[in-house]
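sequence? don't have it. structure:
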């Protein structure tokens, strides 16, 4: 063939088509390990700083037998992570069984802690392909904190934490947006999804690194009840966990998607807002109804005002405090010091016994040569005595403490919970901690410093659940975690029922399964009713509260409350909005106004000793006091 034939138009078109096909595909080139082919599937090819990063693999078994496949990250351990981080993930792994002639999508999630290396190690039926690690196309670039960054904004510089906005492929990709014209407190970076929505994750943790997700009405119809309903359930849980989901086009929220609805005008746009859990679903039939501009041309003002309530910089969780701060403000055990007096007497006895007494006894027996073994023997005995003394003074009891806030929607039987959980163990548990695979775990860790001593190395096994098997809890050191879990099912069917009585009073029936310490309820007329000490599965009559003046429900205040609860670092029962409602023996006018203006008719606030939606994490612990809150939504809620 002549060289000139290579450049014929049909050949050039074929090459360009191949390049475009590869460039727009959500998968990268796969690798073959015996009879198993593994390909990484990328939902959005962008580095992230917060949330969970999902490593998703398409695993195909071409053999006639089932194969046991283990995927572990990283394959190459450099001993340090991004910028020499103090906290590192040394091992992420998951083991699955792939049936013959079938494929499985396998996800491994990395929290916002850097990996200690790169690439993935593959093991098939016990054979480890150590010389053929699989390259990875994504990574986390921070240690869990909203690190400062600088992005170009149409010729200007904007600094602040990056807020990623995922846009489906059916909507045109945008650039980088900085909300506001002055200060640049945050940077919004929109990223187009690499694949079709049918290739998106079916676990909400895969979306936790995005501040918002924007999809078309056609995409929403597919995931809201079609063949991709598993993806729709993940998106709904993402919203309940505090995310923002914007749907552009003609779509009506029905069934479990129909939250507390309100309409709001944002510039040229008119949106329908559905409040779900801590987040919001927003439907825009047309973005610019008056100007007639195209959907793809939305600008920074619309994105900030319509999706982020005019303040994208305060969206999502705030920067967590230091371990020292939270250990001081949320202690799981009393302050424990070193038993100086007991150790002093032990050391004094040791010094006298190993020196003068030992030498005197051996001299009398004319066996001074025995010093070569009596000295180490006495030292060993006293070391064991010292160890035993510490165990006796500390004990073997493991302790835990938790404070939580739950949004319980009794209409759709769904719940979303944010929990601050603390653990303390004199001896490090051998099995680590265990949480659901649908729970976002954020540890309170110290900030990173470049090459500052030895890093704390952590590992997670995703085979059956989220098994934090090493590095997460250390003996005699308090461990604090922030947990976030949306759920649906039997546990979310718990409810508190309010029944109007002929005399105008309201009777409450506690169906939460735990004792209620205090409950406040706003009836359909905006009146606040209060109850105290309602045991589980029992009922009581509420007392109507009076105030100098009543207030009108303001939906925006409820949205602000959800945002503030998302950004609360800890202790819902000691600081912040809910503190007075839990600790005060009386309910003031301001508390009544809060219930009327912020929660509104049809909602209630229950204060409980232990949340029924709290995950244990570590079995066999002695639980310390910590109040929890349940904000319930009844069938008669106001929009």
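Received it, and whenever you're ready, just let me know what you need. Note that this is a predicted model, so its numbers are computed, not measured.

in contact with residue 606, which residues?
496, 512, 516, 518-519, 629-630, 632 (CB atoms under 8 Å, 6 or more residues apart in numbering). C-beta here means a position set from N, CA and C on the backbone, and glycine is covered the same way.

show me where the stretch 101-250 of the chain has helices.
Ranges of helices within the stretch 101-250 of the chain are 217-223, 229-240, based on DSSP state H, counting those that start in this stretch.

quick check: buried residues in the longest one?
Across helix 229-240, burial judged by 16 or more other CB atoms under 10 Å covers 231-240.

gap between the two ends of stretch 516-536?
Counting by CA to CA, to the nearest Å, you get 7 Å between the two ends of stretch 516-536.

dihedrals phi and psi, the residue nearest the centre of the chain?
By CA atoms, centre = their mean, the mean C-alpha position of the chain lies nearest to residue 440, the distance being 2.6 Å. Dihedral angles of residue 440 (phi, psi; degrees, to the nearest 10) stand at phi -90, psi 120.

which of the contacts of residue 606 lies closest to residue 553?
Proximity of the contacts of residue 606 to residue 553 was ranked by CB to CB; the top entry is residue 632 with 15.7 Å.

would you agree the closest one is in contact with residue 405?
No - Residue 632 is not in contact with residue 405 according to CB atoms under 8 Å; the separation is 11.7 Å.

tell me how far the residue nearest to the centre of the chain lies from residue 278.
Per CB to CB, to the nearest Å, residue 440 is found 12 Å from residue 278.

report the set of residues contacting both of these two.
Common neighbours of residue 440 and residue 278, using CB under 8 Å, 6+ apart, are residue 241.

can you map out the strands along the stretch 151-300 of the chain?
156-159, 162-167, 176-177, 187-192, 210-216, 244-248, 260-266, 269-276, 279-284 (DSSP state E, counting those that start in this stretch).

sorry, wrong one. I was asking about the stretch 1-150 of the chain.
Shown for the stretch 1-150 of the chain, the strands assigned by DSSP E, counting those that start in this stretch span residues 31-33, 36-41, 53-61, 67-73, 76-77, 87-98, 103-110, 117-118, 121-124, 127-128, 150-153.

can I get those strands in TSV with mean pLDDT and mean neighbour count?
Formatted as TSV, the strands of the stretch 1-150 of the chain follow (pLDDT from 0 to 100; neighbours: other CB atoms under 10 Å):
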stretch	mean pLDDT	mean neighbour count
strand 31-33	92	16
strand 36-41	93	20
strand 53-61	94	21
strand 67-73	96	20
strand 76-77	84	14
strand 87-98	93	20
strand 103-110	94	18
strand 117-118	86	16
strand 121-124	95	20
strand 127-128	93	12
strand 150-153	28	15
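
wait, which of the ones you listed is closest to residue 368?
Among the strands of the stretch 1-150 of the chain, if distance is taken as CB to CB, the winner is strand 87-98, at 51.2 Å.

and that closest one, what does it pack against?
For strand 87-98, the packing partners by 3 or more CB pairs under 8 Å, 6 or more residues apart in numbering; DSSP states H and E come out as strand 53-61, strand 67-73, strand 103-110, strand 456-461.

off-centre distance for that strand?
Remark: strand 87-98 is offset 18 Å from the chain centroid, using CA atoms, centre = their mean, to the nearest Å.

tell me the contacts of the closest residue to residue 77 other than its chain neighbours?
Counting by CB to CB, 6 or more residues apart in numbering, residue 117 is the residue found nearest to residue 77 once chain neighbours are left out, at 4.3 Å. With contact taken as CB under 8 Å, 6+ apart, residue 117 is in contact with 74-78.

residue 593 - nearest residue in space that isn't next to it in sequence?
Distance criterion CB to CB, 6+ apart; nearest residue to residue 593, sequence neighbours excluded, is residue 551 at 4.7 Å.

secondary structure class for the one you found?
Secondary structure state of residue 551, per DSSP: H, G, I helix; E, B strand; the rest coil, is coil.

any idea how many residues pack against it?
18 (other CB atoms under 10 Å).

ok, residue 117 to residue 204 distance?
In terms of CB to CB, residue 117 sits 27 Å off from residue 204.

no, scratch that, I was asking about residue 634
For residue 634 relative to residue 204 (CB to CB), the value is 25 Å.

what sits against the closest residue to residue 487 other than its chain neighbours?
With CB to CB, 6+ apart as the criterion, residue 487 has its nearest non-adjacent residue at 5.5 Å, and that residue is residue 415. By CB under 8 Å, 6+ apart, the residues touching residue 415 are 277, 406-409, 486-488, 491-492, 494, 613.

element containing residue 415?
strand 414-424 (DSSP states H and E).

what element comes up after that strand heading to the C-terminus?
The first helix or strand that comes after strand 414-424 along the chain, using DSSP H and E, is strand 433-435.

out of the strands of the stretch 1-150 of the chain, which gets nearest to residue 533?
Closest to residue 533 of the strands of the stretch 1-150 of the chain, according to CB to CB: strand 103-110, at 41.4 Å.

and the closest one, which strands flank it?
When pairs are called by DSSP bridges, strand 103-110 turns out to pair with strand 53-61 (antiparallel).

any idea how far the partner strand is from the chain center?
Strand 53-61 sits 21 Å away from the centroid of its parent chain (CA atoms, centre = their mean).

what angle do strand 87-98 and it make with each other?
Strand 53-61 runs at 30 degrees relative to strand 87-98, counting by axes from the mean of the first three to the mean of the last three CA atoms, to 10 degrees.

the helices of the stretch 101-250 of the chain: lowest mean pLDDT?
Lowest mean pLDDT of those: helix 217-223, a mean of 87.

which residues sit against that one?
With CB under 8 Å, 6+ apart, helix 217-223 has contacts from 168, 170, 197-198, 228-229, 231-232, 235, 247-251.

ChimeraX command for the buried members of these?
Typed into ChimeraX, the line below selects the buried ones among these, using 16+ other CB under 10 Å:
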select :168,170,197,228,231,232,235,247,248,249,251
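
want to throw the helices and strands packed on strand 87-98 into a markdown table with distance to residue 350?
Shown next, in a markdown table, are the helices and strands packed on strand 87-98 (distance: least, CB to CB, whole Å):
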| stretch | distance to residue 350 |
| --- | --- |
| strand 53-61 | 52 |
| strand 67-73 | 47 |
| strand 103-110 | 48 |
| strand 456-461 | 33 |
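
among those, which is nearest residue 364?
Taking those one by one with CB to CB, strand 456-461 is closest: 53.0 Å.

any idea how far that closest one is from the chain center?
17 Å.

host element of residue 347?
If you go by DSSP H and E, residue 347 is part of helix 340-352.

in that helix, what counts as buried?
residue 350.

what's the answer for stretch 470-477, then?
Within stretch 470-477, the residues that count as buried by 16+ other CB under 10 Å are 470-473.

chain center to that stretch: distance?
Chain-centre distance of stretch 470-477: 20 Å, with CA atoms, centre = their mean.

could you work out the end-to-end span of that stretch for me?
Note: stretch 470-477 ends 14 Å apart using CA to CA.

what is the rounded mean pLDDT of it?
88.

count the neighbours of the nearest residue to residue 528 once chain neighbours are set aside for me.
In this structure, residue 528 finds its nearest non-sequential neighbour in residue 545, 4.4 Å apart by CB to CB, 6+ apart. Using other CB under 10 Å, residue 545 has 19 other residues around it.

roughly how far apart are residue 545 and residue 593?
For residue 545, the distance to residue 593 (CB to CB) stands at 11 Å.

now residue 424
39 Å.

quick one: which of those two has more around it?
Between residue 424 and residue 593, counting by other CB under 10 Å, residue 424 is the more crowded of the two (24 against 16).

now do the same end-to-end measure for stretch 501-508.
10 Å.

I'd like the numbering to begin with 93 instead of 1 from here.
All set: I'll call the first residue 93, so the last point we hit is now stretch 593-600.

cheers, nothing more for now.
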